[in-house]
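Undergrad: One predicted model, sequence on top.
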Amino acid sequence: MRFPPFLTSLTAASVFCCLLLGSASTRVVGAEEPSPATIDQIAVGFDGYYKVGEWSPLFVTVTATTDCSARLVVGVPDIDADMTLLTSETVELAAGKPYRFESRFKTGRANGELRIRVETDAGPIASKLLRVSDESHQFREGLLPAQQLWVAIGDPAGLETPSVEGAIDSEITVEAGKPVIAHISVKNLPSIWQSYTAIDALIVAAAATSPEEQPFPAVITESQSVAMARWVRCGGYLVFSLGRDVEAYDKSPLAKWMPVKVIGQAETRLLGDVESIAGQRDPLPRFRGVKTAVISEDDADFDGVVVKRGRSGPTLLRVPYGLGRIVFFTIDVNLPPIKGWKAATALLENLVKGETRSDLQSQQTASGQLSKRGITDLSSQFLATLQDWDNVPRISVWTVLGLIALYGLLIGPLDYWIVQKLFKKPELTWVTFPLFVAVAGGLAIWMSTASHSKTVQVKQTSFIDLDTSTEQLLVRSWFGVYSPENKLYSIEAQPEPFAVEKKAPRQIELSWLALAEDAVGGLNRQGGLHLTDRTYDYGTDEVTMKNVPIGHWSAKSFLAQWDATRSGLVDNQLESSGMGRMRGRISHTFPVPLQDCVLAYGGQAYLIDQLAPYQQWRPNAPQSRELRSFLTGLVAKQKTMDDKKASFDEFFEERTTYNPDDRDLDNVSRMLTFYETAGGAAYTGLAHDVSPELDYSKHLRLGRAVLLARIDLSPTTLHVDGVTPENTQQETFVRIILPVRKTDVSGGRRTLPTTDVAPPPRPKR
């Protein structure tokens, strides 16, 4: 068979091209140079665990073949599956010497991916792509925001899990309602404080468990200690166990900031108080003696609550530190007799759960209320307020249904009546039908355009949290940014100093935000197909986010937070003689008045409409209400009952039903601050698991007073493409934690809160 000449030429050309490409590829493979660097080890999160929508640590060990200046770039998808890039500082890599980068990541997808790249100014020198679906299991599926994550150091008894640090190739089932336990070594303890935000409780057992090991206080670095302290001051929760290694603790950086002063060591054989904490009948195994830390209870050294007391002093203490809390246990939980005790698990759980979730909340059940927007957590109700703009009215569902019905009437019965009855020419439907469709389409376009703003809109809500004991100030500003067009924006946050001391705040952090719900745009939703590959960068200063994509008539939420030390903002002279009785005075130096003030203490709410700067406020009984009644709108009512013989009055109490769809920020902020005090899920029908640190009910139980008020100032300014949008709606709330000085019967003053254990009797003379 003979082929046409053109087909023969085409075949010859194809064969020649294939041979040419093959030889070229062979030359490239043969000439391939060794990689300029290798990624030797990756440690993701805490023992492989991380939370969706929260910052988690990342450690990457790199070895370069030549000396170079390099940086680490970490990429993860956000809630919209757009890739976010966080770049580290540039460091010097020595040839052949491993270097360990420390970074962090915040992903919006539980089943997403993690991109790691090491680059120089000339380009990438090493890279790694990790996916949840990979067979290597280096990157496991993320935990949902409401899932509790406990991180343990020092192998505390009772918290054993089948997981071993670095070995995450086996799938571990996460049981609903139970915390995930992650065990890490000190080397994987972050020195970046934001990396701790995914942790619900950090449990540290200070003692070394073998002669080859050193105790935790002896190996923790200064940077790790500073990061841990800052995390606790900003709302973190630490459980610390110290008994034997008191000397190492005194020399460690922990002793510089821990709000508990260790003054010595004792030995005891009486641990009935420990058995009572466990709440079980299993006795401790026999032991000769246990080393315990001795705590100073002087007014200048201690400002907490003694929960349990032994012969040598406090055994279990709960201590506020800034906006956070510390549980200090004076016996080692990773040494005998607690190590190997059958009730060790119950002991550790009671130590931790006493603060991470209140005892009342564990017994509460939701009231069965269902939000129209599918809201299940109180934080979601709060964040939903960022999507309501005064200048962007929302068309209701009933309006849309009405327009659909009108459109059906227009192209159906009305069109038939016009062409059949009015003009009696059915062929006119070729004119009227397209005309009606065009009119309806034009009306829809006009209504959609008229109901949306033509300019960028910003909705801002801020919390200014202040602890007057440590002078710790934390500002969190939540933003909702509405875009009238498809555009890549530059988003920048700047703190606004409002205190007398014009000190620059610490590093401000800006990041994306999303609801923790199983809905479109929610963190609990599994990621779907994403057709674009858009990326945007966190600025090297973390104040700016560059090239952030926001769709047409869409919105994106952000969180900016910064902290500082501020003194002189509040003059606190509050006292109490017990039973919730408040006296003394309080004033502030904020530049504007505090409005709608609620001072909570001892089960009472003291109210004042406005507190001007430098004005002295003396809370007293006539200004007070029972706190829970105030929060739930509880009122006493009288009803006359009649029967056949007589009539009588019946008295009953009625409370206001909580509305999960309420967008009144005054109501929502009160519930965020006093959630457990108001009754928790039993009253609201909502959980408070995503951001439990916003609930200050625990500080009330530690003998503190909490002042909640509105203030007319903006602590953080958001710039969109370099300018501040004119249409910015903002609300700011101040929440101040105040120590209350206790006055005893004899008139002496003590700074200790009331304890639930009586002090030991004084020796007889």
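TA: Nice, I can see it.

Undergrad: would Pro385 count as being in a helix?
TA: If you look again at residue 385, you'll see it is Thr, not Pro. Yes: assessed with DSSP: H, G, I helix; E, B strand; the rest coil, Thr385 lies in a helix.

Undergrad: how many other residues sit next to the residue nearest to it when sequence neighbours are not counted?
TA: Of all residues not flanking Thr385 in the chain, Arg663 sits nearest, at 5.1 Å (C-beta to C-beta, 6 or more residues apart in numbering). C-beta coordinates here come from the backbone N, C-alpha and C atoms, glycine included. By other C-beta atoms under 10 Å, 13 other residues sit near Arg663.

Undergrad: Show the model's pLDDT score for Pro162.
TA: Looking at Pro162, its pLDDT is 45.

Undergrad: How about Lys742?
TA: Here, the pLDDT recorded for Lys742 equals 81.

Undergrad: likewise the one 5 residues further on?
TA: At Gly747 the predicted local confidence, pLDDT, stands at 43.

Undergrad: same check, this time on Gly521
TA: Value for Gly521, per-residue pLDDT: 80.

Undergrad: How about Leu129?
TA: 95.

Undergrad: Need the nearest residue in space to it, chain neighbours excluded.
TA: Residue nearest to Leu129 in three dimensions, not counting chain neighbours: Arg115, with 5.6 Å by C-beta to C-beta, 6+ apart.

Undergrad: still on that earlier bit, in contact with the residue nearest to Thr385: list those residues for me.
TA: Arg663 makes contact with 384-385, 388 under the criterion C-beta atoms under 8 Å, 6 or more residues apart in numbering.

Undergrad: how is this structure carved up into domains?
TA: 34-142, 147-356, 397-450, 455-565 (automatic domain parsing).

Undergrad: Just send those back as JSON lines, with mean neighbour count too.
TA: What follows is the domains of the chain, written out as JSON lines (neighbours: other C-beta atoms under 10 Å):
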{"stretch": "domain 34-142", "mean neighbour count": "18"}
{"stretch": "domain 147-356", "mean neighbour count": "19"}
{"stretch": "domain 397-450", "mean neighbour count": "12"}
{"stretch": "domain 455-565", "mean neighbour count": "18"}
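
Undergrad: Out of the ones you listed, which gets nearest to Ala705?
TA: With distances scored as C-beta to C-beta, the stretch of those nearest to Ala705 is domain 455-565 (9.9 Å).

Undergrad: Look at that closest one and report the distance between its end residues.
TA: 37 Å (C-alpha to C-alpha, to the nearest Å).

Undergrad: In the stretch 301-450 of the chain, where is pLDDT below threshold?
TA: 355-373, 391, 393-394 (pLDDT under 70).

Undergrad: let's see 90
TA: 301-304, 310-313, 340, 353-375, 385-450 (pLDDT under 90).

Undergrad: Quick one: the helices in it, in order.
TA: 344-356, 359-363, 378-384, 397-409, 415-416, 429-450 (DSSP state H, counting those that start in this stretch).

Undergrad: Please name whichever of those helices is nearest to Val76.
TA: The minimum distance between Val76 and these falls on helix 378-384, with 20.6 Å, by C-beta to C-beta.

Undergrad: so is the spatially closest residue to Pro337 that is not a sequence neighbour in a helix, a strand, or just coil?
TA: Distance criterion C-beta to C-beta, 6+ apart; nearest residue to Pro337, sequence neighbours excluded, is Phe287 at 4.1 Å. Reducing the assignment at Phe287 to three states with three-state DSSP gives coil.

Undergrad: any idea how far Phe287 lies from Ser241?
TA: Separation of Phe287 from Ser241 (C-beta to C-beta, to the nearest Å): 16 Å.

Undergrad: Quick check: nearest residue in space to Pro619, chain neighbours excluded?
TA: Pro619 sits nearest to Tyr606 (C-beta to C-beta, 6+ apart), 3.8 Å away.

Undergrad: what's the answer for Leu383, then?
TA: Leu515 (5.5 Å).

Undergrad: Look up how far Ala384 lies from the one you found.
TA: Distance from Leu515 to Ala384, by C-beta to C-beta: 7 Å.

Undergrad: and for these two, which residues touch both?
TA: Contact criterion C-beta under 8 Å, 6+ apart; residues shared by Leu515 and Ala384: Ile375.

Undergrad: Residues in a beta bridge with Ala555, which ones?
TA: Tyr482 (DSSP bridges).

Undergrad: Pretty sure it sits against Tyr489.
TA: No: look at Ala555 against Tyr489 with C-beta atoms under 8 Å: they stay out of range, at 11.7 Å.
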